[in-house]
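Chemist: let's see this in three dimensions:
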Amino acid sequence: MYSLKTTNICKYYSSTLVFKGVSFQLNPGEVLAVTGWNGSGKSTLLRIIAGLVRPSAGRVEMFFKNEPILKESRRRFLGMVAPSLALYEELTAFENLEFFCRVRGISYDRKKCLNLMERFELIEQTKKMCRNYSSGMKQRLKLIQALLHNPPLLLLDEPGCNLDSKGIKIVEDIISDHRQLGMTVIASNEKREVDYADRVINLSG
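Modeler: Here you go, the predicted structure:
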């Protein structure tokens, strides 16, 4: 059983305070939404949880059966989708997914990639260079890379960005299905996406 705990997370950029005192605990089956005005630190908080940005104060801890998971190993246990996440334009979808697997230190399962590509209605686009993908197709591929290793923690920064109604329904299904597997944190101001959550943290105050 996995759990996530943040304690008094604070972030400054130079002398500018972005947010402070963010504390919560997340358990399997739970969905947390992080809201707030532009610049309030929603994306920054998710990047801190992922270990990509250092907090100015406070700590992030992830546990398995009450035993702490080392920060260096955390990326193996999470999947992240964010507007800032870059796909390699000169690579195909499969090549991008294989690269993400190597970065995380997990095995590349081509059959699972195919199954996910089919679920996300990209099966006809597997050999196409990502530079030829639409923005919605790129967002679907980002979602696929986040799910490849069945992570217990999903970090979704504006997951419905650039998606049509079919893609939005897929995101809704992903969040619902993931309750059976682990925890989800969503950063968004979209009411539809915030409504997926059991709890909401508003960084605007």
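Chemist: C-alpha from now on. contacts and neighbour counts both.
Modeler: Will do.
Chemist: roughly how far does residue 57 sit from residue 22?
Modeler: Residue 57 sits at a distance of 10 Å from residue 22 (criterion: Cα to Cα, to the nearest Å).
Chemist: same question for residue 126.
Modeler: Residue 126 is 40 Å from residue 22, by Cα to Cα.
Chemist: helices or strands next to the least confident helix or strand in the chain by mean pLDDT in the packing?
Modeler: The helix or strand of the chain with the poorest confidence is helix 93-104; it has a mean of 88 (mean pLDDT, DSSP states H and E). When contacts are defined as 3 or more Cα pairs under 8 Å, 6 or more residues apart in numbering; DSSP states H and E, helix 93-104 sits against helix 135-147.
Chemist: now the helix it packs on: mean pLDDT?
Modeler: In this model, helix 135-147 has a mean pLDDT of 94.
Chemist: begin at 58, not 1, for the rest of this chat.
Modeler: Sure, I'll start numbering at 58, so the last one becomes helix 192-204.
Chemist: how far is it from where the chain is centred?
Modeler: Helix 192-204 has its C-alpha centroid displaced from the chain centroid by 11 Å (Cα atoms, centre = their mean, to the nearest Å).
Chemist: output the contacting helices and strands for that helix.
Modeler: strand 135-138, helix 150-161, helix 167-176.
Chemist: dump the helix or strand that comes right after it to PDB, keeping only the CA atoms.
Modeler: Next along the chain after helix 192-204, taking DSSP states H and E as the criterion, comes strand 210-214. What follows is strand 210-214 as a C-alpha-only set of coordinates in PDB (Å, rounded to 0.1, in the frame of the first residue of the first chain):
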ATOM      1  CA  LEU A 210       0.900   8.000  -8.100                       C
ATOM      2  CA  LEU A 211      -0.400  10.000 -11.000                       C
ATOM      3  CA  LEU A 212       0.400  13.700 -11.300                       C
ATOM      4  CA  LEU A 213      -1.800  15.400 -13.900                       C
ATOM      5  CA  ASP A 214      -1.200  19.000 -14.700                       C
END
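Chemist: list the buried residues for the helix or strand that strand 210-214 is followed by?
Modeler: Downstream of strand 210-214, the first helix or strand assigned by DSSP H and E is helix 222-235. Neighbour-count burial for helix 222-235 flags 224, 225, 227, 228, 229, 232, 233, 235 (criterion: 16 or more other Cα atoms under 10 Å).
Chemist: and for stretch 254-262?
Modeler: 254, 257, 258, 260.
Chemist: ok, and what's touching it?
Modeler: Applying Cα atoms under 8 Å, 6 or more residues apart in numbering, the external contacts of stretch 254-262 come out as 76, 87-94, 97-99, 243, 251.
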